[in-house]
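>>> Okay, predicted coordinates and the sequence, questions at the end:
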Amino acid sequence: MTERRAARRYDLSLPVIIRVPLDRESPTRNGKTRDISTRGVYFTLDQDLEAGTELDITLTLPAEITRGTEVFVRAQGKVVRVEKKSDDASPRIGVAAVIERYDIIRGEPARI
């Protein structure tokens with residue numbers, strides 16, 4: 001099997017805030033990344049999402065990773081795959097999303 005990813009993935013477990021911009025009634029959802037690249041992210045969370053759902057993604061890369069100051073990342077993307085998970089007692093799901101656009105702001109932490 002050949003690698004189909006166009007960008008290198010980094011194994012990072014970081015808090016992430018997910019918002020569905022088209023669903024104004026939906027509150028933000030808190031999750032955790034498993035891996036991330038400039039073109040995609042895989043994260044887990046407790047609430048269900050469907051493939052094709054548009055997302056606003058917010059996270060902070062800590063200074064240890066950026067070798068400087070914290071880097072605040074705001075991205076827009078779309079869910080491409082959802083995996084039902086049930087390790088331990090929590091009904092977590094895994095979500096693979098493509099990143100369509102992102103903004104990087106140095107030194108402004110995300111509010112998680």
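Noted; the coordinates are in hand.

>>> Helix or strand with the lowest mean pLDDT in this protein?
Using mean pLDDT, DSSP states H and E, the weakest-scoring helix or strand in the chain turns out to be helix 63-66, at a mean of 84.

>>> Need the residues that contact the helix or strand just after that one.
Using DSSP states H and E, the helix or strand that follows helix 63-66 in sequence is strand 71-84. By CB atoms under 8 Å, 6 or more residues apart in numbering, the residues outside strand 71-84 that reach it are 21, 40-41, 48-61, 93-110. Placement of C-beta: from N, CA and C, glycine included.

>>> and strand 71-84, what's its mean pLDDT?
For strand 71-84, mean pLDDT rounds to 94.

>>> Mind checking what helix or strand follows it in sequence?
Counting by DSSP H and E, the next helix or strand C-terminal to strand 71-84 is strand 93-106.

>>> what about that following strand, distance to the chain center?
When distances are taken as CA atoms, centre = their mean, to the nearest Å, strand 93-106 is centred 5 Å away from the chain's centroid.

>>> Beta-bridge partners for the closest residue to L14 other than its chain neighbours, please?
Nearest non-adjacent residue to L14, counting by CB to CB, 6 or more residues apart in numbering: T33, 4.8 Å away. Beta-bridge pairing of T33 under DSSP bridges involves F43.

>>> Spell out which residues sit in contact with T33, please.
Going by CB under 8 Å, 6+ apart, T33 touches 12-14, 16, 41-43, 59.

>>> Strands - which of these land there?
When those are checked against strands (DSSP state E), the matches are 16, 41-43, 59.

>>> ok, which pair from these is furthest apart?
The widest separation within these, taken as CB to CB, falls between Y42 and L59 and amounts to 12.6 Å.
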